[in-house]
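Peer 1: Give me the fold of what follows.
(3 chains)
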Amino acid sequence: MGALRFLLRRLAFSAALILGVSFILFALINAIGNPIQILLSETPGVSEEMIATLSRYYGLDGNFIDRYGAWLWSIVHFDFGTSIIYNQPVGELLEVYGLETLKLQLPAILLSTLIATAAGVIAAMRQHGWADFSIVSSAMLGHSLPGFLVGIVLILIFSYWLGVLPSYGAYSTRNLMMGSMVIDGLWHMVLPVAMLTVFNTATLTLLMRSSLVDVLRQDYITAAWASGLPARRVVLHHALRNAFIPQLTYLGTLFGLMLGTAPVTETVFTWPGLGALYITAIHQLDYPVIMGVTMVITVMLVVATLLTDIAYVVIDPRIRLG
Amino acid sequence: MDADFASSPVSVLATLQRPPAGVWRQAWHRFRRNRAGMIGLVLVTLVVLTAIIGPFVAPYDPNDNAAMLRGASNAAPSARNWLGTDRNGYDVLSRTIYGAPTALAVGLGAMLIASLIGVLVGGVAGYVGGFTDEALMRGAEFFMVVPVFVVILAVVRLFGIIVVGTPLERIPNFNLMTIILLLGLFSWPQIARMTRAEFLRLRHAEFVEAARCIGTTPREILFRHILPNALPPLIVLVALGIGGAILAEAMVSFLGFGDPKSISWGQILFFNYQSLKVAPWACLAPGTAIFVTVLGFNLLADGLTDAFNPRVRA
Amino acid sequence: MRSIPVSAPDPSPAKAGQPGPLLAVEGLKVHFHTRDGVVRAVDGVDFQVGTGQTLGIVGESGSGKTVASLTLLRLAPPPARIVAGRVVFEGENLLLQPDKRLAEIRGRRMAMIFQNPATSLNPILSVGQQLTEILRWHTGVSRQAALDRAAELLTLVGISDPAARLRQYPHELSGGMKQRVGIARALLCEPALLLADEPTTALDVTIQAQILDLLADLRQRLSMSMVLVTHDMGVVARMADRITVMYAGRVCETADADTIFNAPQHPYTRALLESVPRIDHSYSGARRVLPSIAGRPPDLLHAPPGCRFHDRCPEAAPECRRTMPREHLVAPGHSVSCLRRGSPGEETP
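Peer 2: Coordinates of the predicted model:
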């Protein structure tokens, strides 16, 4: 019952969030005037009538509130409109490009969680030892290393100097790696996923270590030792699960951060994902795409937050979402 | 350990006192022993010094692209150009040096805005409480969940179009100021949350109750008792935020939405990323500058956390 | 997961009739190496516990009693370092045993109950999970058998409806109930020795009495030995057969409970007893105020030379400032460490 009420409140907040973001963007786009006009006014041979017709076609006539209402109405029916630049339904674009984005981010999140947990455990167990020191200092460095710089350095080393990994795109344009789409795709994923993983792992490791160090000091851990449980059991079963609780919130935040900075990642690797789509759309004022991408990213964030909350309840019995 | 002697008169007395100036001296004492924090301080000092005296010692004018006319763009580091030249023929070292004041302006400016809003909102929420608190914190949450970076990109671009033809256009570095303003507008919620938490904690602290008992005015309580005590965690947040804002501006500029008239590290990266293969120095130099600056502020924040909370590390 | 089969021989080599006490601590020194210097938390401590006996270790906070008791199971947290001494339990020096052997003894032959029930149970595991895990690790019984045994123990410690409790999480239990679960956890494998570190300090006064009664009863029924660490003279008066009084990391006096209460020798023991309010005393006239010990316990980072108690001792002589007393027997089973009671001295460096 409490959980249901919490869920409803959360959903209401999410809906308000999505409405708010869309309204602000819509208003701003509106404020610049008619994008068709801006885009085509300097193109020779385009008449006023053509602009008017196109504007009507893209639903750019009428007053602001009506248009926002119409946009909302179609969004509710999963109709994101038609891209001005690509002349394709935005829904299709979002699906294709969105999958490419997730292809990088999900493996990165998974990998970094695994690596960070292992590194955090090692560091916390050998507190103030040399392993701890080297893990913490490299994590501290990595944590301050902006992701896109890691990407640039990776490209320099592995693509330009060693020539072993591709530096751009999701697939080879001419010869597929080993003649297989799958292997070729994976091959292209290596560098971008590595870049995202480096960035996430550093932060997660620092967090994991500090919360584990904190948990290992607790009475119930001393009690577990005093009960004669073996180290593996004490650390993995008793300490790690407790230490993971603060981590969870951060995983949600991290996912949001990765998604939010997808434009940067995808620019560095010329990756055909949502971020790249977004950049092009902003440059070209392709407003249905701008709105669509923003909506998809916001919704993904909301879903990630929701999943985090659910995971909380599963892992920590004390939380009953009042 | 044992709880039996915890409430001895001495410890009660200690909680009755406001933090004397000695707290800061003690924090500095602990900070000096923190290796990470001291490295951070050195790095930040380095960046600040570069920003102040850099323009006087930079070997070239940042807009001097004479090298291109000589056909020496994308030249490797040499005695003439210590860090080489970029694809426009600019001296990489000079431009990187001139990027420092821009970076600091972005970091400090954005955090100044964020702190003003954050402390005000958080303070009011924490001190007034009730419905006001609820409403303000919902608002803060809203800003925390929004995909900030994506929104900033769109707003910067659209704003750039909106101002065309208005008097605003003539303000120098208007675009950069927009970015600073936006970064500030999107960074305040963290500060607000922390301020609120500290205010809630301190509102019922014994020394505040004591001050209230002896008839101290609410104003006095707020500014002399609560705010100074809430300061340490806020300072840590601001230090972290400065690094974050500098990084965010670099990314915005790297994507080509920066201020073309200002010299920033992100801009240099944007201009030179296509020639990464032929002139890696033109990307590595500003990249390193960003890294060093962000690292400096992060380490500084780390050291400050330690200095203000001696309990955290035994 | 490795488990010991039920039929495995009891790992303890001690058997009835074996000479020597169940537990003997000799010359134990535990030092904390901090940034500011070495804190000598436990600095040369001896005591013994016989089979079926309850030893009360009494002292103020900071006297080293908690560290000493944790060290018996080698659980003192870093930066604590065991510098010297022996902990001989059932014939083995625990300080020299490998970790694996120690894990066999912990929880099985020697178990511990903690001061704060609110923090000594894992918040995210159910009571049943926490109890059966230990049982299954030590004895390798089936899940169902472990659950049955856990329920049995919960009944033993006075918890009604054990089946329901096993499914609950610590935050759903009251403080007294949590402490009972903590006791049940310690008793799972019927240990020979139970360490109890301030088992009632964090509880309400009414619950304190219940828990003490429970412990006294269990000790009788399971014929366990017990080390009871406390600052509360009332608690040891009720529970202990023998009492060791500690001050600033050193033992002042050890004797039978009767002797400690009726014929204490060490000035610190006397002062401690005088500062306990007594019903049969009338605090009127000249003795209107409950006496207290002047001064504060010494900072162990800069421990005073000589007897650690000298600057608060009403009987201190000049020699007490220079010479550290060594424990000696003043009567059979009664040892005192005080120069004014004839203890030999050890020159402090």
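
Peer 1: what's downstream of the longest helix along chain B, the next helix or strand?
Peer 2: In chain B, taking DSSP state H as the definition, the longest helix is helix B:92-128. Read in the C-terminal direction, the helix or strand following helix B:92-128 is helix B:130-145, with elements assigned using DSSP states H and E.

Peer 1: for stretch C:76-95, the distance to its chain's centre please.
Peer 2: On the basis of Cα atoms, centre = their mean, to the nearest Å, stretch C:76-95 sits 14 Å off its chain's mean C-alpha point.

Peer 1: is it up against chain B anywhere?
Peer 2: Yes. Under the criterion of Cβ under 8 Å from any Cβ of the partner chain, chain B is reached by stretch C:76-95 at residue C:79. For glycine as for every other residue, the C-beta is placed from the backbone atoms N, C-alpha and C.

Peer 1: Between the two ends of that stretch, how far is it?
Peer 2: 12 Å (Cα to Cα, to the nearest Å).

Peer 1: Need the three-state assignment for residue C:343.
Peer 2: The three-state assignment at residue C:343 reads coil, by DSSP: H, G, I helix; E, B strand; the rest coil.

Peer 1: Pretty sure it sits against residue C:324.
Peer 2: No. At 9.4 Å, residue C:343 and residue C:324 do not qualify as touching, with contact defined as Cβ atoms under 8 Å.

Peer 1: Of all residues in the stretch 1-150 of chain C, which one is closest to chain B?
Peer 2: Across the stretch 1-150 of chain C, no residue is closer to chain B than residue C:61, which sits at 3.5 Å (Cβ to the nearest Cβ).

Peer 1: That residue contacts residue C:231, correct?
Peer 2: Yes. Taking Cβ under 8 Å as the contact criterion, residue C:61 and residue C:231 are neighbours in contact, 6.5 Å apart.

Peer 1: if you count what's nearby, which of those two comes out ahead?
Peer 2: Between residue C:61 and residue C:231, counted using other Cβ atoms under 10 Å in any protein chain shown, residue C:231 has the larger neighbour count: 21 against 16.

Peer 1: The more buried one touches residue C:56, doesn't it?
Peer 2: No. Checked against Cβ under 8 Å, the pair residue C:231 and residue C:56 is beyond contact range at 10.8 Å.

Peer 1: Identify the bridge partners of the residue nearest to the spatial centre of chain C.
Peer 2: The central residue of chain C, meaning the one whose C-alpha is nearest the mean C-alpha position (Cα atoms, centre = their mean), is residue C:229 at 3.4 Å. Beta-bridge partners of residue C:229, counted by DSSP bridges, are residue C:57, residue C:197.

Peer 1: Next, the contact list for it, please.
Peer 2: C:56, C:57, C:65, C:66, C:68, C:69, C:195, C:196, C:197, C:198 (Cβ atoms under 8 Å, 6 or more residues apart in numbering or on different chains).

Peer 1: ok, it to residue C:195 distance?
Peer 2: Per Cβ to Cβ, to the nearest Å, residue C:229 is found 7 Å from residue C:195.

Peer 1: which residues are in contact with both of those two?
Peer 2: Between them, residue C:229 and residue C:195 share the contacting residues residue C:69, judged by Cβ under 8 Å, 6+ apart.

Peer 1: Residues of the stretch 151-300 of chain A that sit close to chain B?
Peer 2: Taking Cβ under 8 Å from any Cβ as the criterion, the contact residues of the stretch 151-300 of chain A with chain B come out as A:152-153, A:155-156, A:160, A:256, A:259-261, A:263-264, A:267-268, A:278-279, A:282-283, A:285, A:290, A:293-294, A:297-298.

Peer 1: and those residues, which are buried?
Peer 2: The neighbour count (16 or more other Cβ atoms under 10 Å in any protein chain shown) marks A:152-153, A:155-156, A:256, A:259-261, A:263-264, A:267-268, A:278-279, A:282, A:285, A:290, A:293-294, A:297-298 as buried among those.

Peer 1: near chain A, which residues of the stretch 51-200 of chain C show up?
Peer 2: By Cβ under 8 Å from any Cβ, the residues of the stretch 51-200 of chain C that approach chain A are C:70, C:73, C:75, C:77-78, C:99, C:103-108, C:111-112, C:114-116, C:119-126, C:133-134, C:137-138, C:169, C:171, C:182, C:185, C:188.

Peer 1: Using ChimeraX, define a selection of the buried residues within those residues.
Peer 2: To isolate in ChimeraX the members of these that are buried, counting by 16+ other Cβ under 10 Å, one can use:
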select /C:70,73,75,103,104,105,106,107,108,111,112,114,115,116,119,120,121,122,123,124,125,126,133,134,137,138,169,182,185,188
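
Peer 1: Now go through the residues of the stretch 51-200 of chain C next to chain A and say which are in strands.
Peer 2: Taking DSSP state E as the definition of strands, those contribute C:111, C:112.

Peer 1: What about residue A:314, how many residues nearby?
Peer 2: A count of neighbours around residue A:314, defined by other Cβ under 10 Å, yields 10.

Peer 1: Setting the sequence-adjacent residues aside, check what's closest to residue 46.
Peer 2: No chain in the question, so chain A it is. Take residue A:46 and drop its neighbours on the chain: the residue closest to it by Cβ to Cβ, 6 or more residues apart in numbering or on different chains is residue A:40, 4.7 Å away.

Peer 1: ah, I was thinking of chain C
Peer 2: Once flanking residues are discounted, residue C:46 sits nearest to residue C:26: 5.4 Å by Cβ to Cβ, 6+ apart.

Peer 1: Only the buried residues of the helix or strand hosting the one you found, if you could.
Peer 2: Take DSSP H and E as the rule and residue C:26 turns out to sit in strand C:23-34. Judged by neighbour count using 16+ other Cβ under 10 Å, the buried positions of strand C:23-34 are C:23, C:24, C:25, C:28, C:29, C:30, C:31, C:32.

Peer 1: Point out the least confident one among those.
Peer 2: When it comes to pLDDT, residue C:32 is the least confident member of the buried residues of strand C:23-34, at 88.

Peer 1: any idea which element the residue lying closest to that one once chain neighbours are set aside lies in?
Peer 2: Closest residue to residue C:32 apart from its sequence neighbours, by Cβ to Cβ, 6+ apart: residue C:39 at 4.1 Å. With the criterion set as DSSP H and E, the secondary-structure element containing residue C:39 is strand C:37-49.

Peer 1: Let me know the angle separating that strand from strand C:23-34.
Peer 2: Calculated by axes from the mean of the first three to the mean of the last three Cα atoms, to 10 degrees, strand C:37-49 forms an angle of 170 degrees with strand C:23-34.

Peer 1: ok, which stretches of the chain are helices?
Peer 2: I'll assume chain A. Chain-ordered helices for chain A, with DSSP H as the definition, fall at A:2-31, A:35-40, A:48-57, A:64-76, A:90-125, A:130-144, A:147-154, A:181-216, A:219-226, A:231-232, A:240-260, A:262-268, A:274-284, A:287-315.

Peer 1: Chain B is the one I meant
Peer 2: Secondary structure of chain B, counting by DSSP H: helices at B:9-16, B:22-32, B:35-57, B:66-69, B:92-128, B:130-145, B:148-162, B:174-203, B:206-213, B:218-220, B:227-254, B:265-272, B:281-308.

Peer 1: How far does the shortest one sit from its chain's centre?
Peer 2: Think helix B:218-220. 30 Å.
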